[in-house]
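Undergrad: Sharing a model that was predicted from the sequence below.
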Amino acid sequence: MQRFIKLATNGALSLATSITGAEALSVAYELNDVLGNDVELSVAFFQQAANSTSEADYGMQLTWTDTATDDVLYQVRGKLIDDINDFSSILAVADATEFFASFELQLQPNAVDSMVSSAAYNAYGTLGRSFETLSVPADDIPDDIDLHDVITLSEVKPTYLTHGLTDDVGLFTTLLRAANTLNIPLYVELPQDITAEQAAQMANMLDTGDHHVAVYWNPTLSSRRDAIALRSAKKTRSCLGVLLGYALLRNARANGQGIPPIHVPIAGHDFPLPWRNIEMLPGVKLNEATLEMLATAKVNVVAPVRFDSGVRYVFNDCLTQYNSKTSALRLTNAADIEMFSADRVIQIIRRHMLKPTATFIDDADRDCRKVLDACVSAGLLKPAEDLNGAPYTLSIIPRDDRPFDAVDIAFARRPEGAVRAAYLTTTINK
Amino acid sequence: MTFVTKMLGNASGIQYGGVQDRSEVVQGNAGFAGLYTGEFKHGRFDRPMKINQGNIRARLGYQPNNPHYQAVQDVLDLGVPFVWVQRVTAGLSQESILEPAT
């Protein structure tokens, strides 16, 4: 939203949404950010040379502060020169921050006199502590944002989408569409202030049946990150940040061929939740019946598990929302491998498209096999019975019906799984 | 002077087509970016923001009790250098999963 910092001829400063044209000085700015409550803007003018009356020897400092925490949001300081090519001009400084959608300066011939009579004026050689504070009203939340387009058309292609604590169907559906468009996982978290039955019910009602989606629930209490006392109040919190963090760290451990170990699911003993003073929410009892109900609804719950190394709070399962009892796609790691391998093949095909047919087939086939062989050696793909023991098959052949401009590509693979059930039989013998 | 051109006509000279780059490597790792969508106090809606430990307070607005803010902070606390954050508003639709619209 465009706002105007106005300096009246009598030296009074104000912030408004329009100008009259009679102001001695005005700065019109529009931020990329949409600001919430508690924001203040402090304005200060500085004389930068003794006894000068030229505007070019005067500077201006604008500081946006969040008064709730005293955090400086943005700060811009520069000379009052209406020339974007002058590096010391406040215009050039503001543009360099990349925080502003627009930033314009307007000066009248009497601007210096008005500045001098302002309470925010600091003459040359003074302490420079004078400033005036203007309250910045909260911006309106834009209602014309198409979230699907924002995510899918972004320059950065995300590899994971996460959203916490949603019970908003519209938002969830939009994110699901975006995840499907980009062919990436979407991790969502259920609210914490619900019962296990409600969690299962919510997951069932989301009912996507889609292997892109995994649902998490974190019914735990823990100390806040910024708690300053050891015995501070315990609060519920979202587990998605930890999940996303672990996933990104795992993916960074790519092998020499650039393949990340995505066959390792983020669940179980090796990925404990790192919070302090963690305990289950009172009222949530993860007994056998509850765990069965949550697993049936395909909810991955954060639960305390007694390992031989001690009790750890871990992601207790690695299920996607895929509707099947035996498919590989019901496991988060196998689904991840499916998306990753398909995405790599798609990227390679796109790179070699619009080349002569024979060149395309040679190049795409060679590059795809190189990446897929690397996936096999990294452990992402395993020998498949259906494929006669091969971990993947790939064929690229020109189409009979469109021999000049189209090819058929068939790609089959068998992803690695994850053990989430074990049948143990023991005997004692005489 | 040697006559080097990109398109040789009748004149004597050398047509040089430039260099073909065949040194590029097919990378398995396409770069990984996590995108967290959530509700925050400040920040833009029209594209994702790159958030790190240094700018999280200024870009998103410090809200220690906001679960979305905590989640982003959790990602960074694990040692991830930065994470992309997309600000969204709740109530894109008023339809709740627990109480379906009738």
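TA: Looks like it arrived, so ask away.
Undergrad: Give me the distance between the residue of the stretch 251-400 of chain A found nearest chain B and A:S377.
TA: Closest residue of the stretch 251-400 of chain A to chain B, CB to the nearest CB: A:G258 (3.6 Å). From N, CA and C alone the C-beta is placed, and that goes for glycine too. Note on A:G258: its distance to A:S377, by CB to CB, to the nearest Å, is 12 Å.
Undergrad: same check, this time on A:I428
TA: Distance, A:I428 to A:S377, using CB to CB: 42 Å.
Undergrad: Which strand residues bridge residue 15?
TA: Using chain A here. A:I5 (DSSP bridges).
Undergrad: think we crossed wires, I meant chain B
TA: B:T5.
Undergrad: Skipping adjacent residues, who's closest to A:Q192 in space?
TA: A:T236 (4.0 Å; CB to CB, 6 or more residues apart in numbering or on different chains).
Undergrad: Surely the one you found touches A:E189?
TA: No. Here A:T236 does not reach A:E189: they are 10.9 Å apart, not a contact under CB atoms under 8 Å.
Undergrad: higher neighbour count, the two?
TA: A:E189 (25 against 17; other CB atoms under 10 Å in any protein chain shown).
Undergrad: So the more buried one versus A:N51, what's the distance?
TA: Counting by CB to CB - A:E189 and A:N51 are separated by 63 Å.
Undergrad: Can you pull the poorly scored residue ranges out of the chain?
TA: The chain I'm using is chain A. A:165-167 (pLDDT under 70).
Undergrad: look at chain B instead
TA: B:1-2, B:26-32, B:90-102.
Undergrad: where along it do the helices fall?
TA: Along chain B, counting by DSSP state H, helices occupy B:56-60, B:67-77.
Undergrad: can you give me how far the longest one is from the chain middle?
TA: Okay, so that is helix B:67-77. 18 Å (CA atoms, centre = their mean, to the nearest Å).
Undergrad: Wondering if it reaches chain A at all.
TA: Yes. Counting by CB under 8 Å from any CB of the partner chain, chain A has neighbours in helix B:67-77: B:P67, B:H68, B:Q70, B:A71, B:V72, B:Q73, B:D74, B:V75, B:L76, B:D77.
Undergrad: Filter those residues down to the buried ones and hand me the PyMOL line.
TA: To isolate the buried members of these in PyMOL, using 16 or more other CB atoms under 10 Å in any protein chain shown:
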select buried, chain B and resi 67+68+70+71+72+73+74+75+76+77
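Undergrad: how close does A:A28 sit to chain B?
TA: 19 Å (CB to the nearest CB, to the nearest Å).
Undergrad: Going by neighbour count, which residues of stretch A:182-193 are buried?
TA: A:L182, A:I184, A:P185, A:L186, A:Y187, A:V188, A:E189, A:L190, A:P191, A:Q192.
Undergrad: Just give the number of residues close to the nearest residue to A:R330 once chain neighbours are set aside.
TA: Closest residue to A:R330 apart from its sequence neighbours, by CB to CB, 6+ apart: A:Y322 at 4.5 Å. By other CB under 10 Å, the residues close to A:Y322 number 21.
Undergrad: Contacts only, for A:Y322.
TA: A:G209, A:D210, A:H211, A:K298, A:L329, A:R330, A:A335 (CB atoms under 8 Å, 6 or more residues apart in numbering or on different chains).
Undergrad: tell me the secondary structure for it?
TA: Look at A:Y322: counting by DSSP: H, G, I helix; E, B strand; the rest coil, its state is coil.
Undergrad: measure it to A:D143 for me?
TA: Using CB to CB, A:Y322 is found at 34 Å from A:D143.
Undergrad: Equivalent analysis for A:S52, please.
TA: A:S52 is 48 Å from A:D143, by CB to CB.
Undergrad: neighbour count winner among those two?
TA: A:S52 (13 against 8).
Undergrad: Enumerate the residues of the stretch 201-350 of chain A near chain B.
TA: Near chain B, when you scan the stretch 201-350 of chain A using CB under 8 Å from any CB, you find A:201-202, A:205-206, A:224-226, A:235-242, A:244-249, A:251-252, A:254, A:257-260, A:274, A:343-344, A:347-348.
Undergrad: how far does stretch A:118-137 sit from the chain's center?
TA: Worked out by CA atoms, centre = their mean, stretch A:118-137 lies 38 Å from the chain centre.
Undergrad: Residues touching it, excluding its own?
TA: So stretch A:118-137 is contacted by A:3, A:5, A:7, A:11-15, A:35, A:39-52, A:61, A:64, A:115-116 (CB under 8 Å, 6+ apart).
Undergrad: Include distance to A:C318 when you put the helices of chain B into TSV, please.
TA: Below are the helices of chain B laid out as TSV (distance: least, CB to CB, whole Å):
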stretch	distance to A:C318
helix B:56-60	29
helix B:67-77	19
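Undergrad: Quick check: which of those is nearest to A:V284?
TA: helix B:67-77 (17.1 Å; CB to CB).
Undergrad: so what secondary structure elements neighbour the closest one?
TA: With contacts defined as 3 or more CB pairs under 8 Å, 6 or more residues apart in numbering or on different chains; DSSP states H and E, helix B:67-77 has these neighbours: helix A:240-252, strand B:34-38, helix B:56-60, strand B:83-87.
Undergrad: Any chance of TSV for the ones you listed, columns distance to A:L281?
TA: Output for these, formatted as TSV (distance: least, CB to CB, whole Å):
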stretch	distance to A:L281
helix A:240-252	17
strand B:34-38	21
helix B:56-60	26
strand B:83-87	27
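Undergrad: Skip the chain neighbours and tell me the closest residue to B:K50.
TA: B:F82 (5.4 Å).
Undergrad: A:D270 now?
TA: A:V264 (7.9 Å).
Undergrad: Now A:L331: closest residue in space, sequence neighbours ignored.
TA: According to CB to CB, 6+ apart, the nearest residue to A:L331 is A:A418 (5.1 Å).
Undergrad: Next one: the one you found relative to A:D308, how far apart?
TA: Distance of A:A418 to A:D308, computed by CB to CB: 20 Å.
Undergrad: picking up where we left off before, list residues touching both of A:T236 and A:E189?
TA: A:N218.
Undergrad: sorry, back to before: mind giving me the ChimeraX select for the contacts of A:Y322, buried ones only?
TA: To isolate the buried members of these in ChimeraX, using 16+ other CB under 10 Å:
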select /A:210,211,298,329,330,335
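Undergrad: Out of the contacts of A:Y322, flag the one nearest to A:L387.
TA: Using CB to CB as the measure, the one of those that approaches A:L387 most closely is A:L329, at 17.0 Å.
Undergrad: Hmm, the closest one is touching A:M339, no?
TA: No. If you go by CB under 8 Å, A:L329 and A:M339 don't touch, sitting 10.0 Å apart.
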